[in-house]
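Peer 1: Structure, please.
(one chain, ligands or ions: 1)
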Amino acid sequence: MTRKVTKAIFPVAGLGTRFLPATKSVPKEIMTLVDRPLVQYAIDEARAAGIKEFIFVTSRGKGALEDYFDHNLTLEQELRKKGKDELLETLESTNMESGAIAYIRQHRALGLGHAVWCARRLIANEPFAVMLPDDVIAAEQPCLQQMVEAYEETGGNMVAAMEVPPEKASSYGVLDVAQDMGSVVSVKGMVEKPKQEEAPSNLAVIGRYILAPSVLRNLSRMKSGAGGEIQLTDAIAEDIGSDNPVYGYRFRGQRFDCGSKAGFLQATVAFALARDDLRDDLSSYLQQVLQSAQAAQ
Ligand code: G1P
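Peer 2: As a prediction, this is how the structure comes out:
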């Protein structure tokens, strides 16, 4: 039997330079997809998967992110007084239980693996999840919940995986597949950001992980990898062939790369079109835009 996964690490120390000037004062994770901060999507997904403790690995300038998780009692009282029940419910749904969130500083930007390692003292000898909030996944069943169900069968380490066009593989961690069982694949190698001609497959790692504590021990060796950074991919790969095998999980859902502007805009449109209050207005606007673009050709 696998142990229950109740803790998740959210590495959010990145500078978000791709979104300058916005990120001069606003942490990227607080930027909104429609009306919810990016990080709220990851939190909701984690909660649905049974996560009870949320560990944020932050850096200088992320104060607004910490404030976001405070209860805003004045606002709640005001909404209650005015009978704005729906808004109150929206607000309350973002409240976190006292003590459920911890913040750890990554003092130097030494890579994703190092960021995860910074949280090691908050993870005892137990499996844990890692979620990269830049990867937003729209799915009928939340992605991490799908993975937890699969993980209960496999144990070991599990990474979310998705087929990408071969010319894009060099932007990801890439899996070398030992056995393809459909939604689950067993992995015999992992390469972080391989050159296109050296990629072992086009099955890429997406930012959802369920990891064994052995990965934290692997990280403590501080080996630097692609780009001179301490890579999470390498530390997971070290577990291949151990008692904690590595599996890829092809999730059902659509992933948006909200670390890029195009991905952020696509996610904004997709999430807005999924909303009853916005769908009609937005889709007629989009149709107009397309029609006038066609007419201009
Ligand atoms: C990180 C991981 C990479 C993974 C990717 C998914 O890379 O290092 O293995 O494929 O997230 O989004 P980053 O995008 O932070 O460079």
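
Peer 1: can you give me the helices in the stretch 101-250 of the chain?
Peer 2: 112-118, 143-154, 214-219, 232-237 (DSSP state H, counting those that start in this stretch).

Peer 1: Could I get those helices in JSON lines, plus columns for mean pLDDT?
Peer 2: Output for the helices of the stretch 101-250 of the chain, formatted as JSON lines (pLDDT from 0 to 100):
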{"stretch": "helix 112-118", "mean pLDDT": "97"}
{"stretch": "helix 143-154", "mean pLDDT": "97"}
{"stretch": "helix 214-219", "mean pLDDT": "96"}
{"stretch": "helix 232-237", "mean pLDDT": "97"}
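
Peer 1: Tell me, please, the helix or strand in the protein that averages the lowest pLDDT.
Peer 2: helix 63-68 (a mean of 88; mean pLDDT, DSSP states H and E).

Peer 1: What lies in contact with that one?
Peer 2: Residues from elsewhere that reach helix 63-68 (Cβ atoms under 8 Å, 6 or more residues apart in numbering): 12, 25-27, 29-30, 37, 39, 56, 58, 94, 103. The way it works is simple: take the backbone N, C-alpha and C, and place the C-beta from them, glycine included.

Peer 1: Could you give the bridge partners of the residue of the stretch 101-250 of the chain found nearest the ligand?
Peer 2: Here the stretch 101-250 of the chain gets closest to the ligand at one residue, Gly173, 2.6 Å apart by Cβ to the nearest ligand atom. Beta-bridge pairing of Gly173, defined through DSSP bridges, involves Glu192.

Peer 1: Can you check the pLDDT for it?
Peer 2: At Gly173, the pLDDT value in this model is 97.

Peer 1: still on that earlier bit, which parts of the least confident helix or strand of the chain count as buried, going by neighbours?
Peer 2: 65, 68 (16 or more other Cβ atoms under 10 Å).

Peer 1: Give the next helix or strand downstream of it.
Peer 2: Downstream of helix 63-68, the first helix or strand assigned by DSSP states H and E is helix 73-81.

Peer 1: what's downstream of that following helix, the next helix or strand?
Peer 2: helix 85-92.

Peer 1: Strands of this protein, residue ranges please.
Peer 2: Listed in chain order, the strands found in the chain under DSSP state E are 7-11, 32-33, 36-37, 53-58, 101-105, 128-131, 135-138, 157-163, 173-180, 184-192, 203-211, 246-250, 254-257.

Peer 1: could you redo those strands as a markdown table and give each row mean neighbour count?
Peer 2: Listed next are the strands of the chain as a markdown table, based on neighbours: other Cβ atoms under 10 Å:
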| stretch | mean neighbour count |
| --- | --- |
| strand 7-11 | 26 |
| strand 32-33 | 16 |
| strand 36-37 | 18 |
| strand 53-58 | 22 |
| strand 101-105 | 16 |
| strand 128-131 | 26 |
| strand 135-138 | 22 |
| strand 157-163 | 23 |
| strand 173-180 | 19 |
| strand 184-192 | 21 |
| strand 203-211 | 25 |
| strand 246-250 | 24 |
| strand 254-257 | 19 |
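
Peer 1: Out of those, the one nearest Tyr285 is which?
Peer 2: Within the strands of the chain, the stretch nearest Tyr285 is strand 32-33; the backing value is 17.7 Å (Cβ to Cβ).

Peer 1: packing partners for that closest one?
Peer 2: Contacts defined by 3 or more Cβ pairs under 8 Å, 6 or more residues apart in numbering; DSSP states H and E place strand 32-33 against helix 261-273.

Peer 1: what comes into contact with the helix it packs on?
Peer 2: 18-19, 31, 33-34, 136, 138, 254, 256-258, 278-279, 282-283, 286.

Peer 1: List just the nearest of those residues to Pro194.
Peer 2: Scanning the contacts of helix 261-273 for proximity to Pro194, where the rule is Cβ to Cβ, the winner is Asp257, at 18.1 Å.

Peer 1: residues touching the closest one, list them.
Peer 2: Here Asp257 is in contact with 134-135, 263 (Cβ under 8 Å, 6+ apart).
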